[in-house]
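Student: I'd like to go over a predicted model; first the sequence, then the structure.
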Amino acid sequence: MTAIDWKTVSAAVAGPNKAERGCQDAVAVRRVRVGARDALVIALADGAGSAAFGGDAARLIVRTLAGLAVSRLRHRLRSSRRQTLWDLQDMALAFQRAREAVTLVAQTRGDALRDWGSTGLLAVVTEDAAVLAQLGDGAICLRHAGVWTCPIWPDLDGYVNVTTFVTHAHAPLQTHMGPPADALLLVSDGLQPLALDYRSGQPHAPFCQGVIAELGKSTDGRKLRRDLTAWLGSDAIRARSDDDISLAMALLSERVM
């Protein structure tokens, strides 16, 4: 019997001028497996540099998005009834809950909501589909049938370094539902210049394929995470961006049971 399996790694590093506040990006990668059935959840958020509690907001958003997805997927994977494991309505609910969670904390503390600004990205890959949602910048790149695509183009609100946040009440949630992917990359906006080709409106395939290949070759997850963290903070990357940087990636493989 053959079952799917995922290799994953993620890391987030602070920009060189942000040591005092620390990294304001947050990432969560979760596997949900029930028997031979499997689902993957990746959430990423980038706290606004201008927001006093942007990093706290990013961590809360990631925890809320991933937590709701894992809970619902685990329940549905255990069910014997055939059903859609995750869809666009689930995405809308997840982001609604994330907005409510951040709003509640800000109100309880007496903070202005603008001080809790953060983007939010969520990818859920099941046996039937890849479902994506995004508020703000950053990017979700996926590979299907050997081709890299970016189904949701980053929201820059028409300007460089200006975007929408989960806390914006009327910000439109960008969503996509398509065939299952066999590889994914989620990046914060600090890596957008490397991950995306702005002229073609598509992912920069050599970058995506290069980092996924490293994941595929790795047999030591801890070493890979250390190497990824070091690479994200390297001079080669910092020459392109001084922002906080986060990257999460996943590669589908098979295992025999």
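Tutor: Great, that's in hand. Residues are numbered from 1 along each chain as shown.

Student: And the average pLDDT for stretch 113-128 is what?
Tutor: Across stretch 113-128, the average pLDDT comes to 95.

Student: End to end on it, go ahead and measure it.
Tutor: Its start and end residues considered, stretch 113-128 measures 37 Å (Cα to Cα, to the nearest Å).

Student: Give the buried residues for it.
Tutor: 113, 115-126 (16 or more other Cβ atoms under 10 Å). To be clear about C-beta, it is placed using only N, CA and C from the backbone, and glycine gets the same treatment.

Student: Mind putting those residues into JSON lines with distance to Ala145?
Tutor: Below are these laid out as JSON lines (distance: Cβ to Cβ, whole Å):
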{"residue": "Leu113", "distance to Ala145": "42"}
{"residue": "Asp115", "distance to Ala145": "44"}
{"residue": "Trp116", "distance to Ala145": "40"}
{"residue": "Gly117", "distance to Ala145": "37"}
{"residue": "Ser118", "distance to Ala145": "33"}
{"residue": "Thr119", "distance to Ala145": "29"}
{"residue": "Gly120", "distance to Ala145": "28"}
{"residue": "Leu121", "distance to Ala145": "23"}
{"residue": "Leu122", "distance to Ala145": "23"}
{"residue": "Ala123", "distance to Ala145": "18"}
{"residue": "Val124", "distance to Ala145": "20"}
{"residue": "Val125", "distance to Ala145": "15"}
{"residue": "Thr126", "distance to Ala145": "17"}
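
Student: As JSON lines, those residues with secondary structure and distance to His75 would be great.
Tutor: As requested, the buried residues of stretch 113-128 are arranged in JSON lines below (DSSP: H, G, I helix; E, B strand; the rest coil; distance: Cβ to Cβ, whole Å):
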{"residue": "Leu113", "secondary structure": "helix", "distance to His75": "32"}
{"residue": "Asp115", "secondary structure": "helix", "distance to His75": "35"}
{"residue": "Trp116", "secondary structure": "helix", "distance to His75": "30"}
{"residue": "Gly117", "secondary structure": "coil", "distance to His75": "32"}
{"residue": "Ser118", "secondary structure": "strand", "distance to His75": "27"}
{"residue": "Thr119", "secondary structure": "coil", "distance to His75": "28"}
{"residue": "Gly120", "secondary structure": "strand", "distance to His75": "23"}
{"residue": "Leu121", "secondary structure": "strand", "distance to His75": "23"}
{"residue": "Leu122", "secondary structure": "strand", "distance to His75": "18"}
{"residue": "Ala123", "secondary structure": "strand", "distance to His75": "20"}
{"residue": "Val124", "secondary structure": "strand", "distance to His75": "14"}
{"residue": "Val125", "secondary structure": "strand", "distance to His75": "18"}
{"residue": "Thr126", "secondary structure": "coil", "distance to His75": "13"}
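
Student: from these, which single one is nearest Val9?
Tutor: Ala123 (14.7 Å; Cβ to Cβ).

Student: Let me see the contact set for the residue lying closest to that closest one once chain neighbours are set aside.
Tutor: Leaving aside its chain neighbours, Ala123 sits nearest to Ile42 (4.7 Å; criterion: Cβ to Cβ, 6 or more residues apart in numbering). Counting by Cβ atoms under 8 Å, 6 or more residues apart in numbering, Ile42 touches Thr8, Ser10, Val27, Ala28, Val29, Arg30, Leu122, Ala123, Leu184, Leu186, Ala248, Ala250.

Student: Would you list the buried entries among those residues?
Tutor: For those, buried by 16+ other Cβ under 10 Å: Thr8, Ser10, Val27, Ala28, Val29, Arg30, Leu122, Ala123, Leu184, Leu186, Ala248, Ala250.
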